[in-house]
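Engineer: Provided below for reference: sequence and predicted model.
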Amino acid sequence: MNLEIWQGDITTLKVDAIVNAANRELRGGGGVDGAIHRAAGPKLNEACRALGSCETGEAKITPGFNLPAKYIIHTVGPVYSGSHSDPLLLAACYRNSLRVAKENGLHSVAFSAISTGVYGYPLDAASKVAFGEVRKWLREHKDYEMRVIMVAYDARTYALYQKLLG
């Protein structure tokens, strides 16, 4: 299985696509979304405006512009509420991002920890959903070469990812 973990700034990775934890309007916000928008440059805002909005769990793609990554896949995670729909919507973010990557012929994707910042999803629970959904997708698409990198911004997230990776 081609699943890896990496600690650092997702905007520095040279991969086919990085996955942005976006807001519904696809306008750069805080956290990783703001960092990606700043690093990609002003053309990203224009490209996002042209896409319109994005529903929770869905994914859309833009060029990477000034990033080392060729593309940015934007997905909108759920705002954590503790309801039974939270893990379903979060899983959809990972599944749909990988679907968009495959539809665009991409073979390396780096994910940020979707919904774990200002959207308040507990890191432990969100990470289990993320790793479970990515592993499931990789098993179901064995015929497609895909390298998935789960990016941990800090040491706490990296330690948790190490544990989940096994």
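Structural biologist: Sure, I can see it.
Engineer: going by C-alpha atoms from here, please, whenever you check contacts or count neighbours.
Structural biologist: Will do.
Engineer: where in this structure is pLDDT low?
Structural biologist: 1 (pLDDT under 70).
Engineer: mind checking which helix or strand the residue in the chain sticking out farthest from the centre is in?
Structural biologist: In the chain, the residue that sits farthest from the middle, by C-alpha atoms, centre = their mean, is residue 143; the gap is 22.1 Å. For residue 143, there is no enclosing helix or strand under DSSP states H and E.
Engineer: for it, give me phi and psi.
Structural biologist: With angles defined as degrees, to the nearest 10, residue 143 sits at phi -80, psi -10.
Engineer: that one and residue 137, how far apart?
Structural biologist: Going from residue 143 to residue 137 by C-alpha to C-alpha, to the nearest Å gives 11 Å.
Engineer: got any residues that touch both of the two?
Structural biologist: Both residue 143 and residue 137 lack any common contact, where contact means C-alpha atoms under 8 Å, 6 or more residues apart in numbering.
Engineer: surely residue 48 is in a helix?
Structural biologist: Yes - the assignment for residue 48 by DSSP: H, G, I helix; E, B strand; the rest coil puts it in a helix.
Engineer: ok, residue 9 - contacts?
Structural biologist: 151, 153.
Engineer: again with the one 3 residues further on
Structural biologist: For residue 12, the set of contacting residues under the criterion of C-alpha under 8 Å, 6+ apart consists of 67, 68, 69.
Engineer: how about 7 Å then?
Structural biologist: residue 68 (C-alpha atoms under 7 Å, 6 or more residues apart in numbering).
Engineer: what strand or helix carries residue 60?
Structural biologist: Counting by DSSP H and E, residue 60 is part of strand 59-63.
Engineer: and stretch 119-127, how far apart are its ends?
Structural biologist: End to end - C-alpha to C-alpha - stretch 119-127 spans 14 Å.
Engineer: buried residues in that stretch?
Structural biologist: 121, 123, 126, 127 (16 or more other C-alpha atoms under 10 Å).
Engineer: just to revisit the earlier point, quick one: contacts of the strand holding residue 60?
Structural biologist: Contact partners of strand 59-63, identified using C-alpha under 7 Å, 6+ apart, comprise 47, 70, 71, 72, 73, 74, 75, 93, 96, 97, 100.
Engineer: I'd like the distance between the second one and residue 12.
Structural biologist: Here the distance between residue 70 and residue 12 works out to 12 Å (C-alpha to C-alpha).
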